[in-house]
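> okay, predicted coordinates and the sequence, questions at the end:
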Amino acid sequence: MHACRLNRVAALKILGSEFYHGVPLFELEVMRRIRDVSKTSSHPGRHHIMEFIDDFEIDSPSGKHVCMVFGCLGPTLQEQMAKADQKRLSCKVAKQISRQLLEAMDFLHNDCGVLHTDLNTSNILIDEPIRVSELESQAGPAAVLNERLRIRLSDFGLACWQDKHLTDRIQPLVLRAPEITVGGPWEASVDVYSVGCLVHYFVVGEPPFDEARHAPGEDGVEQRRLSLQAAYFGPVPKVVVDNATRADVFFDEKGQIHAEIQLQPRSFEKAIDIKVQENPVLKNDMVSDEIPTFCDFLHASLATDPRRRKRPRDLVNHPWLQHSHHKKPMTAKPVAAVA
């Protein structure tokens, strides 16, 4: 048995022996790739991925278990927001976290060839746990959610390679891209879609298309959400519909959303403006002339057509994120082809 000796506190994740029975250990392979690439990389996104230190195996009566050793991090963003009784983040903090997420995505996609596929607030961990604990004890949990907040992306249990997918059942329902809902082909842009959903949640206090959750049953929720996505951001492209395994659930023989669930086109900018006007805290935080650039960022990440979504590197330099940042834009470099 390999012994992992450290002189610091670490976190341990154990994969049960059942992972050996015909299931590829994508997570272990992915974390090894990220670790190896990080050693020689200067990409800023590497600092926003959880640190993978080592791995080893242990024997038990039920078989071998894989143990992965990670650097110790603070609470999840979801836990910290709940503790602080905050449903949203200030625009300045939202921009800070969004930039870090996009840098992490650019590093994963282009330097490592890895897709995360499960972005959500429970997989975003706050870095520097000792400083977080001290700040919280001095000023309360809300004080942690400030402009200096640093995060790291965790839980690569559903991660995969760009050209080799683990499963097609990815993304939480409320953050699910249209092509995943309908069972169509997908690629790296699903992670961009999740980032767009999270940005909307950070700023507005709820995920986009949140009204869909009131529909009856999971199929009803998916139908309502897909209808809203199409109404705000355009129809699902034919190339996705023609290759979707669940096309009959949502589309007629002409590839149009079933008439009984189809919605008329809507203005996303108007919807955001209404939410701003109805929420005094949000209205005070986001000035009216910022709404167009915010909506443009969401159009670039939440496009129903995955081919129209911007890549993480382009979104990092989007005017909405640059508005309150003094960092130099990320320099362009060749982008790896997406399978």
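Received, thanks. None of the values given here were measured: they were computed from a predicted structure.
> ok, now which ones touch the spatially closest residue to Gly157 that is not a sequence neighbour?
Leaving out its chain neighbours, the residue that sits closest to Gly157 by C-beta to C-beta, 6 or more residues apart in numbering is Glu27, at 5.3 Å. Every C-beta, even on glycine, is put in place using the N, C-alpha and C of the backbone. Residues counted as contacts of Glu27 (C-beta atoms under 8 Å, 6 or more residues apart in numbering) are Leu15, Met68, Phe156, Gly157, Ala159.
> now, of these, which are buried?
Buried by 16 or more other C-beta atoms under 10 Å: Leu15, Met68, Phe156, Ala159, out of these.
> and those residues, which of them are in strands?
Using DSSP state E, Leu15, Met68 are the members of the buried ones among the contacts of Glu27 that sit in strands.
> and the buried ones among the contacts of Glu27, which is the shakiest by pLDDT?
Among those, Leu15 carries the lowest pLDDT, at 78.
> burial count for the spatially closest residue to it that is not a sequence neighbour?
In this structure, Leu15 finds its nearest non-sequential neighbour in Val66, 4.3 Å apart by C-beta to C-beta, 6+ apart. Neighbour count of Val66, defined by other C-beta atoms under 10 Å: 18.
> what packs against the host helix or strand of Val66?
Assigned by DSSP states H and E, Val66 falls within strand 63-71. When contacts are defined as 3 or more C-beta pairs under 8 Å, 6 or more residues apart in numbering; DSSP states H and E, strand 63-71 sits against strand 10-15, helix 26-40, strand 52-60.
> show me where this structure has helices.
Along the chain, the stretches classed as helices by DSSP state H are 26-40, 77-83, 91-106, 129-139, 178-181, 189-204, 217-233, 238-241, 247-250, 268-278, 280-285, 291-302, 312-316, 319-322.
> pull the residues that contact the helix or strand of the chain with the lowest mean pLDDT.
Lowest on mean pLDDT, DSSP states H and E among the helices and strands of the chain sits strand 10-15, with a mean of 85. Strand 10-15 is contacted by residues 25, 27-28, 53, 65-73 when judged by C-beta under 8 Å, 6+ apart.
> likewise for stretch 218-233?
Here stretch 218-233 has contacts from 173, 176, 178, 181-182, 209, 211-215, 236, 249-250, 257-258, 261-268, 271, 299, 302-304, using C-beta under 8 Å, 6+ apart.
> now do stretch 241-261
With C-beta under 8 Å, 6+ apart, stretch 241-261 has contacts from 179, 181-185, 219, 222-224, 226-227, 230, 235-236, 238, 262.
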